[in-house]
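*Asks:* build me a structure from this.
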Amino acid sequence: MKPATRISASCTCATYATFATLCLAIGTLHAQPYPSKPIRLVVPFAPGGSTDILARLVAQKLTEAWGQQVNVDNRAGGGSVIGTDIVAKSAPDGYTLVMTSTSTATAPSLVRKLPYDTLRDLAPVIQLVSTPNALVVHPSLPVRNVRELIDLARARPDQIAFGSGGNGTSTHLGGEILRLMANVRMTHVPFKGTAPSITSLLSGDVSWVFSAVLPALPLIKAGRLRAIAVSGAKPTAALPGVPPVGATLPGFDTSPWTGVAVQGATPKDIITRLNQEIARGYSTPEVRERLLREGNDVVLNTPEQFDVFFRGEMEKWAKVIKSAGIVIQ
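*Replies:* Residues are numbered from 1 along each chain as shown. Sure thing, here's the model as predicted:
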């Protein structure tokens with residue numbers, strides 16, 4: 001018979017001490033308040049655009065509130081896919097955020113092989129704003145409202161051209177859904193960005209475009225472009241007196257939007273904390289006034305509300321992309 005194994009008292013005490021130290025370390029790790037280190041906010045577009053501007057405002061407000069630096073990291077490319085993929089594959093700890101937008105919702109229908117599962121790998125935090133586009137026409141076009149534009153397109157099938165910032169962009173999809181809802185035939189002319197489409201409109205090469213309000217506003221005020229509608233469900237303060245397209249085509253609402261998301265498995269308490277602090281920062285009178293002046297409608301919903309909205313956006317745009325026959329990349 002083998003002799004019984006003896007464990008010395010000193011060995012047992014050492015083992016317990018090591019175990020206790022490990023438990024204490026784990027407990028301390030979990031007890032650390034969030035955030036306890038800098039946060040990375042990925043912007044999947046180039047610096048200087050509207051999404052980047054909104055992101056830097058988020059970073060500023062969170063840094064001021066928490067005393068932890070929030071660093072904006074621009075990772076443009078792939079129509080927002082490259083930057084979004086970074087966050088989709090990040091640790092689910094709330095230290096890597098991503099700016100989401102209409103592009104995030106359309107990507108599953110436009111990109112054949114997304115490197116992530118949008119609904120599984122991203123968790124909505126908050127929708128910041130909705131930013132209606134302005135439907136602007138060249139002054140030579142004999143229309144002053146959406147009804148007249150539809151009638152003209154119906155009288156001249158395929159002869160009315162609308163420009164956009166590129167295939168699959170919100171300015172393109174807005175034009176396609178208008179065409180589909182009005183049951184008219186118009187020709188789409190894509191450009192590499194909204195600015196070139198505006199230049200083409202000014203020269204009369206295209207008849208109309210959907211444009212962000214801010215860059216179009218000086219041209220509208222100068223009489224070089226005419227705003228006949230906005231793409232949201234209601235008028236926008238930046239263009240008083242300009243009705244929504246939905247006043248003519250009920251249910252039309254193609255406003256681009258911007259929000260914040262985190263990795264899909266991030267704990268709910270962290271998501272809630274992010275939501276509440278971002279909403280607080282965006283709710284100050286000076287911030288709200290600035291956002292409205294720049295053509296934004298402030299939203300600031302809950303994570304649950306944003307999730308419902310986001311899923312609806314994915315479904316809506318998937319139908320439009322299929323009906324318009326837009327080629328998947």
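
*Asks:* Gly325: how many residues sit nearby?
*Replies:* Neighbour count of Gly325, defined by other C-beta atoms under 10 Å: 7. For glycine as for every other residue, the C-beta is placed from the backbone atoms N, C-alpha and C.

*Asks:* should've said Ser101
*Replies:* Ser101, neighbours per other C-beta under 10 Å, totals 25.

*Asks:* who's it bridged to?
*Replies:* Thr258 (DSSP bridges).

*Asks:* what about it, distance to Arg179?
*Replies:* Ser101 sits 23 Å away from Arg179, taking C-beta to C-beta, to the nearest Å as the criterion.

*Asks:* what of Leu291?
*Replies:* Leu291 is 30 Å from Arg179, by C-beta to C-beta.

*Asks:* strands of this structure, start to end?
*Replies:* 39-43, 70-74, 96-101, 122-130, 133-137, 161-164, 187-190, 208-212, 226-230, 257-263, 297-298 (DSSP state E).

*Asks:* tell me how far the last one lies from the chain's centre.
*Replies:* What it means is strand 297-298. 13 Å (C-alpha atoms, centre = their mean, to the nearest Å).

*Asks:* show residues contacting it.
*Replies:* 128-132, 232, 234, 236, 255, 282-283, 288, 291-292 (C-beta atoms under 8 Å, 6 or more residues apart in numbering).

*Asks:* hmm, try it at 6 Å
*Replies:* 129-130, 288, 291 (C-beta atoms under 6 Å, 6 or more residues apart in numbering).

*Asks:* now, among these, which is nearest to Leu41?
*Replies:* Closest approach to Leu41 among these (C-beta to C-beta): Val129, at 15.9 Å.

*Asks:* contacting residues for the closest one?
*Replies:* 258, 296, 298-299.

*Asks:* specify the beta-bridge partners of it.
*Replies:* Residues in beta-bridge contact with Val129 (DSSP bridges): Thr258, Val298.

*Asks:* and what of the one 4 residues further on?
*Replies:* According to DSSP bridges, Ala212 are recorded as the beta-bridge partners of Asn133.

*Asks:* from Phe162, how far off is it?
*Replies:* 12 Å.

*Asks:* same check, this time on Arg156
*Replies:* Counting by C-beta to C-beta, the gap from Arg156 to Phe162 is 13 Å.

*Asks:* kindly report the same for Pro132.
*Replies:* Counting by C-beta to C-beta, the gap from Pro132 to Phe162 is 17 Å.

*Asks:* who has more neighbours out of the two?
*Replies:* Set side by side, Pro132 and Phe162 show more neighbours around Pro132, with 30 against 26, by other C-beta under 10 Å.

*Asks:* now Thr194. Nearest residue, chain neighbours left out?
*Replies:* Nearest non-adjacent residue to Thr194, counting by C-beta to C-beta, 6 or more residues apart in numbering: Gly165, 4.1 Å away.

*Asks:* for Phe306, what are its contacts?
*Replies:* Phe306 neighbours (C-beta under 6 Å, 6+ apart): 124, 126-127.

*Asks:* not counting residues beside it along the chain, what's closest to Lys61?
*Replies:* Excluding its sequence neighbours, the residue lying closest to Lys61 (C-beta to C-beta, 6+ apart) is Gly281, at 2.7 Å.

*Asks:* right, so of the strands of the chain, which gets closest to Gly174?
*Replies:* Of the strands of the chain, the one closest to Gly174 (C-beta to C-beta) turns out to be strand 208-212, at 4.4 Å.

*Asks:* could you give the angle of that closest one to strand 226-230?
*Replies:* 70 degrees (axes from the mean of the first three to the mean of the last three C-alpha atoms, to 10 degrees).

*Asks:* which strands and helices sit next to strand 208-212?
*Replies:* Counting by 3 or more C-beta pairs under 6 Å, 6 or more residues apart in numbering; DSSP states H and E, the packing neighbours recorded for strand 208-212 are strand 133-137, helix 194-202.

*Asks:* CA atoms of the last one as PDB?
*Replies:* Listed next in PDB are the C-alpha coordinates belonging to helix 194-202 (Å, rounded to 0.1, in the frame of the first residue of the first chain):
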ATOM      1  CA  THR A 194     -21.500  65.600 -52.200                       C
ATOM      2  CA  ALA A 195     -19.300  68.600 -53.100                       C
ATOM      3  CA  PRO A 196     -18.800  67.500 -56.700                       C
ATOM      4  CA  SER A 197     -22.600  66.800 -57.100                       C
ATOM      5  CA  ILE A 198     -23.300  70.400 -55.900                       C
ATOM      6  CA  THR A 199     -20.800  71.700 -58.400                       C
ATOM      7  CA  SER A 200     -22.500  69.800 -61.200                       C
ATOM      8  CA  LEU A 201     -25.900  71.100 -60.100                       C
ATOM      9  CA  LEU A 202     -24.600  74.700 -60.100                       C
END
